[in-house]
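**Student:** Okay, predicted coordinates and the sequence, questions at the end:
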Amino acid sequence: MLMLDAPPCARADGLASARAALVKALDMASLWQACATLINAALPCHSCSLLFDIDGYQPLQGRHHLATAGDDGARLVTSLEVAAPYLDANPRIRWYTFSQIASQDALAPERLKAQNPAPGWREFIHLAFWDGTRLEAVLSIRILTAHTELSDAELAFLAELYPLLDASLQRVRMLESDRLRHKAVEDLLYALPLAALLVDGNLVPSYMSREAKRICRRWSTDTERDGCLPRAIELPLRRWMEGAAGTAAAAGQRATFTVAHPQHPTQSLRVEISSAPGNSFRHAQHLLILAADGEGDDAAAARSLPLLTCLSPSERKVAGLVASGLRNDAIAERLCRSRKTIESQISSIFRKLNVSNRTQLARLLN
């Protein structure tokens, strides 16, 4: 029978590499690989599981390791129903074994047998990790049948493992949350109905909307890589920022300047730059809004994002030109389309934005 009281403080030896991997883990896959390696080396382990995203006592996700590869009768138990009454009676407990559960709950062996009639193991150890009063994760370690008790060194290993795994879980979940937020920002920015880019202090883009990519492709040469600022934009932007002596990097400030195309003097690009608050000039993140000459007012588009999201990229250009006062013939000539196409797009714009004439459209966007 296993009872986890205050374990000795002795440390298990020979596991430094796996401990270091656990401490350095940046995602759940590498964390679990390091954790399973540690457990398999330090304990008489039949199998183990890390159960997380727990709803009630039902884990929604898990990672599993089966040390005894040839045990065909082993089915991994991924439910916490066996331990549920014990956890209700012992909230926020960090360690417990099946023996401890069975000593308080006569029905526990029957619940375990119902889940797994031929487990290949008799005892499990659970390390429970809590977020306040909510059970966040459980490490389940099943001990080989031949082992009825753990040595002092094995108990000391469990005592050391708990804080290591607790800190690693918190770090990995925080990193995963940051990655999800970054992905959400990237997806949102990509779909914005204006040419928006987020660049670092070296003018390397981290996010780029669909419209920004289109403009950058038009301003790039054949030798330049997609996803980077074209040299025709980067070089004058860098010179302008150096000449501005850091003004553009001041949090909350915006500045606008115009870039001329080096090969096509008749083409120009308006660049609006603003910087994220809380960053030094060297490590600043800059938001760029690009507006190619003759493609409408992207600043107005930025103010009208909720309205313009229902329009296609082509319709947004036409809407911007209509709002700026151009007539159908001039819009058709500027965009190299037929007058009939422009008229059809304007009708579609009116319908989608629920306006009936050009004046209403101009008021809506401006």
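**Tutor:** Looks like it came in fine. Numbers count the residues shown, from 1 in each chain.
**Student:** Touching, residue 21 and residue 29? I think so.
**Tutor:** No - using C-beta atoms under 8 Å, residue 21 makes no contact with residue 29, being 11.7 Å away. Every C-beta, even on glycine, is put in place using the N, C-alpha and C of the backbone.
**Student:** the more surrounded of the two?
**Tutor:** The neighbour comparison of residue 21 against residue 29 (other C-beta atoms under 10 Å) goes to residue 21, with 17 against 11.
**Student:** for the stretch 51-200 of the chain, what spans make up the helices?
**Tutor:** Secondary structure of the stretch 51-200 of the chain by DSSP state H, counting those that start in this stretch: the helices cover 84-89, 98-104, 108-115, 152-191.
**Student:** most packed of those?
**Tutor:** helix 98-104 (a mean of 18; mean count of other C-beta atoms under 10 Å).
**Student:** Keeping just the C-alphas, turn it into CSV.
**Tutor:** Output of helix 98-104 as CSV, limited to C-alpha atoms (Å, rounded to 0.1, in the frame of the first residue of the first chain):
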residue,chain,number,x,y,z
PHE,A,98,-5.0,4.8,-5.3
SER,A,99,-4.4,3.2,-1.9
GLN,A,100,-5.3,6.4,-0.2
ILE,A,101,-8.4,6.7,-2.2
ALA,A,102,-9.4,3.1,-1.4
SER,A,103,-8.8,3.6,2.3
GLN,A,104,-11.6,6.2,2.3
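**Student:** Just the helices from the stretch 201-350 of the chain, written as ranges.
**Tutor:** 210-219, 231-243, 298-303, 305-308, 313-323, 328-335, 339-353.
**Student:** Please identify the most buried of those.
**Tutor:** Mean neighbours per residue, mean count of other C-beta under 10 Å, is largest over the helices of the stretch 201-350 of the chain for helix 313-323, with a mean of 22.
**Student:** if I look at the residue nearest in space to the middle of the chain, how far off is residue 291?
**Tutor:** Centroid check for the chain by C-alpha atoms, centre = their mean gives residue 180 as the closest residue, at 1.7 Å. Counting by C-beta to C-beta, to the nearest Å, the gap from residue 180 to residue 291 is 31 Å.
**Student:** Kindly report the same for residue 134.
**Tutor:** 48 Å.
**Student:** in the protein, what residue sits furthest out from the centroid?
**Tutor:** In the chain, by C-alpha atoms, centre = their mean, residue 329 is the one farthest from centre (46.4 Å).
**Student:** Could you verify my assumption that that one touches residue 337?
**Tutor:** No - contact criterion C-beta under 8 Å: residue 329 and residue 337 do not qualify, at 11.0 Å.
**Student:** how about residue 50, secondary structure?
**Tutor:** Secondary structure, DSSP: H, G, I helix; E, B strand; the rest coil: residue 50 is strand.
**Student:** Quick check, pLDDT for it.
**Tutor:** Residue 50 carries a pLDDT score of 95 in this model.
**Student:** Specify the beta-bridge partners of it.
**Tutor:** In this entry, residue 50 is beta-bridged to residue 63, residue 139, by DSSP bridges.
**Student:** Contacts only, for it.
**Tutor:** Residue 50 is in contact with 32, 35, 62, 63, 64, 137, 138, 139, 140, counting by C-beta atoms under 8 Å, 6 or more residues apart in numbering.
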